[in-house]
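Q: I would like to see how this sequence folds:
(chains A, B and C)
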Amino acid sequence: MSAVVFAHHQLTPTERLRDAGWIAFVALILGIPLIGLTTVDVGGRLAVDTRFGLLAMAVVAAFGGRLVLRWAVDHLKGRKLARQRAAAGNAGGRAQQVVNVLGWLALGASVALPIVFSDNRYVVDTATTVLIYVMLGWGLNVVVGLAGLLDLGYVAFYAVGAYSYALLSTQYGWSFWEALPVSGALAAGFGILLGYPILRLRGDYLAIVTLGFGEIIRVILVNWTEFSGGPNGISSIPRPSFFGLEFTRRPAEGSDSFASFFGLEFSAMHRLIFLYYLILVLALLTHVFVSRLRKLPVGRAWEALREDEIACKAMGMNTTNIKLSAFAIGAMLGGFAGVFFAARQGFISPESFTFTESAIILAIVVLGGMGSQMGVVLAATLLVLIPEFGRNFAEYRMLLFGMAMVLIMVWRPGGLLAHREPTLRLSADGKAARGGA
Amino acid sequence: MMKKTLLATACLALGALSQPALADLAVAIAGPMTGQYASAGDQIRRGAEMAIADINARGGVLGERLRLEVGDDACDPKQAVSVANTMVNRKIVFMHGHWCSSSTIPASEVYNEVDILMATVSTNPQVTERGLDNIFRIMGRDDQQGMVAGQYIAETFKGRKVAVVDDKSAYGKGLADEIAKAMTAAGMSPTLREAITAGEKDYSGLVTKLKAAGVEVIAYGGYHTEVALILRQAQAAGLQLTVMGGDTLTNSELVTAAGPAADNVLFTFSPDPRKNPEAAPVVEKFRAAKIEPEGYVLYAYAAFQLFEQAAKAAGSTDYDALERAMRNGSFNTVIGTLSFDAKGDQKAPGFVVYRWQGGQYDYAR
Amino acid sequence: MAYALQQLINGLTLGAMYGLIAIGYTMVYGIIGMINFAHGDIFMVSAFIAITAFTLLAAADVTSIPLALTFVLIVAIFFTSAYGWAVERTAYRPLRGSTRLAPLISAIGMSIFLQNAVQLTQGARVKPIPPVIEGGVELWSTPAFTVQIGWTQLLIIVTTVALMIAFTWMITQTAFGRQQRACEQDRGMAALLGVNVDRTISFTFMLGAALAAVAGVMVTVYYGVVDFFIGFLAGIKAFTAAVLGGIGSLPGAMLGGLLIGLIEAFWAAYLWAEYKDVATFGILCLVLMLRPSGLLGRPEVEKV
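A: The predicted model follows:
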């Protein structure tokens, strides 16, 4: 935060107008080349087209928008200050309680969702996607949020998981349940493989090398056709079965399908709902697993490493192992998410594992508030749903998405659920007490 | 009193709004309406809108009006599955799409599960090779396309050095591999086999390599944007290149971007529906609406003609009846007569070699 | 041999371009310690401005190439700097002093926003212009192969070297350069000594954007084709170049850019073009393993 704190003073109307006028002027300058002028294709050559009407509208909108926004921000700030003065003190504890209540509510909602929307494919499928991103977010949260290692190539582990399942099941006929742990282990192996040579790197150097690693994996998947199917990807990936019962309309001779075994009428929704619950259970397990880890020595070591690496070394901690364990566990969770992605799609190809995907997963972690498990859930839901709701706005969809990322960050720089408290802290009487998870 | 009238009006208005919606039959298109390949999505939408308007003007299908749903997958496999699920919710009975093979493949599994018929223009062989019974392809396959292109090269450019280049996309690599195979089968082995990264701008390295090897012709699997860049950079390096490519090179952006060098571009595409005399009235109608029926416009139109005729033949829009009708029937559309084999591939797709000439494409001689 | 020389010229041109963009990354990183992920997209915006400016000139029947280039450069630099300023003001300044990652995410958001804003306002179709400068010089002619360097390639290399010298002079010799370096070392102390930190940072962003604008104009002239997606790949490559050279170091960015351009050109020329990016990132990893702060970067000294 800036060192200087200005006294809160009410702006005069002239000041407001001048401020908005300045913004309108900036909008005019920025708008001239992109909104005011455009080039159109006239018979194989470009010609310049002017849209000054649109530009004028944009400038007026900027002027009006700034006036309203400024007024609203000032207004809210005033009220917030008043509230903070009134309720200075136990804000942290209350926020934690709210988060806990929210968590239980979210859990209840996610269990009830497929029952309420039992014939709505779209809702269940989108919820599955949200959960996949939640898993990814939690995995990356271990690496970035807890251990403080910036990873821009997390998608590599996602890809390793997805391809492991796809190859094991289509080439060797492994079932979902056999492939799941193996894929997770493979991803963890890749995490160690990547982590080992680059342990010396710090901060942004680490970021670029991980980015490079992600790209290397993708380029290899594209080019090594004999192994990965190249750009064609792998299609017809078998769907997980219900303990051996397939979700098919017409089961093979002499075997039961899920519907016929339970005497239900076949519905394609069974498989979707099953997959949804499957990933929900795995996500909950992950949540418990990570929350536990944070309270174990290794989890505390991650957080210590994030806060100060040199101090950790001075304390005699083995930073190599700590970093590697963070990489491995993060990668394993990413691998699991990849398996679910492959199972949801039934088809994977390298274009699903680009840098943009890494950026979105990282955005989930940071937007949620680094280190906050509930924050990841909230951010994953937002980042999946904004583009989905935006389908009605068609071409404005990704524009709004980018804008939302900037605005959320500016509004809450620490993330949506930001309060970075240590998992464990010493209480007043010297005993270890549990803080927020 | 006042309240009652208001209520009654509201009910009437609601009824008026919802009534036709219930009787409507929902059909859909899906493709890249945004993103890099948005121009293809645009063509599909224009063709489909015209087709739906015409069918509804004729009284709809089996007495029901058609309503068009549009899905945007931006050529991203993940979004394609989302779009497919949305379409299932909207209770569509027929889908024309998706456009990219990598979107069509995962989306088709969703449609297959809930029994929705689809007619696609995706050319990757995998689209119909997976044994799904709900998918019909109204375009040729990459392997057929590659064969035509490869044989044409082997005949026309005999004794000259030819390089095979692709952009590492599913479409591009598949096509380039097939061209190389067909060339080798016709007794001409490619001088060079190269790959580029789509989206880059600098292909001077490739051009230098081609120049050093004395290559005059390249067979290219990929999209038009890169072809334009390669041609421009070859010209700047003093290398006269002829390019032979696939159906994506129908895009007129190629001519704008490559300039006069585009006259050296050959490509394979299905016989031009605009030259089909039976399509003339429809072509006229498009032109009257200021839409040039190029590329995928008429394919989209034909997809809905196919649906209309199949539904008429089946006498219902139930999946099983419709599927049987489509598989066994023969349909008269603006892109010619369509009939399908057991896999769902078009029986007589036929590819023709075209050449760009002064901003227009025509059969190459 | 002739072939190698030609590939060397190609690699240098490409590398010079990466270098120009990389300097923008490195300057911003130096002063506020953040990766400006939207830099590649600012470069893309400038290419669109250049296309519009060239088309305007063509419509006005301007035929003098030096005049046209100067005009386009000035226009592009002016508007692109405005974009650089606005991006810093809206997306980064409010986040100054928060966690390291917050500005990174808002930068990624900004990058998505700019890409889509350009796509919406200018269309998704590629924008071509006819070749601006044609021809070149033949350097060496063997019966099998003629090595030539295009005027545009020459222009790009010369401009880059000139800008490099100008910027090094500015950072080391001028009052602004001193203020900039002061802010790099210790923002709080610089503020206490009367340096206007906000203005210095804004100006640094505008300079970075101006360099991106030069690169944008060069790309437009050289390739003649622009689309809304060019910022992404160029941005990643330039960022890699900045890190390879040692992020925060101006000559390092240039060196990194040239190295990456050359690696790409020669790898694609003699080995497998499809694994070009693997080579680039592989060499980056190797260099960083041996020298964890890049080729010319200062090792970070950390105190507890």
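Q: helices of the stretch 201-350 of chain B, residue ranges please.
A: Taking DSSP state H, counting those that start in this stretch as the test, the helices found in the stretch 201-350 of chain B are B:204-213, B:224-236, B:253-258, B:280-288, B:297-314, B:319-328.
Q: quick one, strands of the stretch 101-250 of chain A?
A: Counting by DSSP state E, counting those that start in this stretch, the stretch 101-250 of chain A has strands at residues A:234-235.
Q: which parts of it sit against chain C?
A: Listed as neighbours of chain C in the stretch 101-250 of chain A under the rule C-beta under 8 Å from any C-beta of the partner chain: A:144, A:150, A:197-198, A:200-205, A:207-209, A:211-213, A:215-216, A:219-220, A:222-223. Bear in mind the C-beta positions are built from the backbone N, C-alpha and C, glycine included.
Q: which among those end up buried?
A: Among those, those classed as buried by neighbour count (16 or more other C-beta atoms under 10 Å in any protein chain shown) are A:144, A:150, A:198, A:201-205, A:207-209, A:211-213, A:215-216, A:219-220, A:222-223.
Q: inside helices: which ones of those residues?
A: Of these, the ones assigned to helices by DSSP state H are A:203-205, A:207-209, A:211-213, A:215-216, A:219-220, A:222-223.
Q: which of the residues you listed lies closest to C:Gly97?
A: C:Gly97 lies nearest to A:Gly203 out of those, by C-beta to C-beta, at 17.2 Å.
Q: check the ones in helices among the buried ones among the residues of the stretch 101-250 of chain A next to chain C and tell me the two furthest apart.
A: The distance between the two most remote of those (C-beta to C-beta) is 31.1 Å, for A:Gly203 and A:Asn223.
Q: if we can go back for a sec, which of the ones in helices among the buried ones among the residues of the stretch 101-250 of chain A next to chain C sits closest to chain C?
A: Within these, the smallest distance to chain C is 3.2 Å, found for A:Gly212 (C-beta to the nearest C-beta).
Q: does that closest one touch C:Ile283 like I think?
A: No. Proximity of A:Gly212 to C:Ile283 does not meet the contact threshold set by C-beta atoms under 8 Å, at 9.6 Å.
Q: which residues are in contact with the nearest residue to B:Ala234 once chain neighbours are set aside?
A: Nearest residue to B:Ala234, sequence neighbours excluded (C-beta to C-beta, 6 or more residues apart in numbering or on different chains): B:Leu241, at 4.4 Å. B:Leu241 is in contact with B:210, B:215-218, B:230-231, B:234-235, B:261, B:264, counting by C-beta atoms under 8 Å, 6 or more residues apart in numbering or on different chains.
Q: mind telling me which residue is nearest the centre of chain A?
A: Chain A has A:Ile364 as the residue nearest its centroid, 3.0 Å off, counting by C-alpha atoms, centre = their mean.
Q: in the stretch 1-150 of chain C, what spans have low per-residue confidence?
A: For the stretch 1-150 of chain C, the stretches flagged by pLDDT under 70 are C:143-144.
Q: hey, where'd the helices end up in it?
A: So, for the stretch 1-150 of chain C - with DSSP H, counting those that start in this stretch - the helices run C:2-32, C:39-59, C:65-87, C:101-122.
Q: and residue 156, what does it touch?
A: Just so you know, I chose chain A. Residues near A:Ala156 by C-beta under 8 Å, 6+ apart: A:190, A:194, A:210, A:213-214, A:216-218, A:353.
Q: my bad, chain C
A: C:Ile156 is in contact with C:13, C:16-17, C:218, C:222, counting by C-beta under 8 Å, 6+ apart.
Q: buried ones only from the residues you listed, please, as a ChimeraX command.
A: Command for ChimeraX that selects the buried part of these, burial taken from 16+ other C-beta under 10 Å:
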select /C:13,16,17,218,222
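Q: dump the contacts of C:Ile156 into CSV; add distance to A:Ala159 as well.
A: As requested, the contacts of C:Ile156 are arranged in CSV below (distance: C-beta to C-beta, whole Å):
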residue, distance to A:Ala159
C:Thr13, 34
C:Ala16, 34
C:Met17, 30
C:Met218, 35
C:Tyr222, 34
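Q: could you identify the most distant pair in the contacts of C:Ile156?
A: Greatest spatial distance among those (C-beta to C-beta): C:Ala16 and C:Tyr222, at 10.4 Å.
Q: now the closest residue to chain C within the stretch 1-150 of chain B: closest residue in space, sequence neighbours ignored.
A: The minimum distance from the stretch 1-150 of chain B to chain C, using C-beta to the nearest C-beta, falls at B:Ala38 (4.2 Å). Nearest non-adjacent residue to B:Ala38, counting by C-beta to C-beta, 6+ apart: C:Ala124, 4.2 Å away.
Q: neighbours around the one you found, how many?
A: C:Ala124: 21 surrounding residues under other C-beta atoms under 10 Å in any protein chain shown.
Q: got it, and A:Met315?
A: As a measure of burial, A:Met315 has 10 neighbours, counting by other C-beta under 10 Å.
Q: the closest residue to A:Tyr205 other than its chain neighbours sits in which helix or strand?
A: With sequence-adjacent residues excluded and distances taken as C-beta to C-beta, 6+ apart, A:Tyr205 is closest to C:Leu288, at 5.7 Å. Assigned by DSSP states H and E, C:Leu288 belongs to helix C:276-290.
Q: in that helix, what's buried?
A: Using 16+ other C-beta under 10 Å as the burial criterion, the residues of helix C:276-290 that qualify are C:276-285, C:287-288.
Q: for it, C-alpha coordinates in PDB please.
A: What follows is helix C:276-290, C-alpha atoms only, in PDB (Å, rounded to 0.1, in the frame of the first residue of the first chain):
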ATOM      1  CA  LYS C 276      12.200 -25.500 -33.300                       C
ATOM      2  CA  ASP C 277      10.300 -24.300 -30.200                       C
ATOM      3  CA  VAL C 278      11.600 -27.300 -28.100                       C
ATOM      4  CA  ALA C 279      15.100 -26.200 -29.100                       C
ATOM      5  CA  THR C 280      14.500 -22.600 -28.100                       C
ATOM      6  CA  PHE C 281      13.100 -23.500 -24.700                       C
ATOM      7  CA  GLY C 282      15.600 -26.300 -24.200                       C
ATOM      8  CA  ILE C 283      18.500 -23.900 -24.600                       C
ATOM      9  CA  LEU C 284      16.800 -21.400 -22.400                       C
ATOM     10  CA  CYS C 285      16.600 -24.100 -19.600                       C
ATOM     11  CA  LEU C 286      20.200 -25.000 -20.100                       C
ATOM     12  CA  VAL C 287      21.400 -21.500 -19.900                       C
ATOM     13  CA  LEU C 288      19.400 -20.800 -16.800                       C
ATOM     14  CA  MET C 289      20.600 -23.900 -15.100                       C
ATOM     15  CA  LEU C 290      24.200 -22.700 -15.600                       C
END
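Q: if anything else comes up later, I'll come back, but that's it for now.
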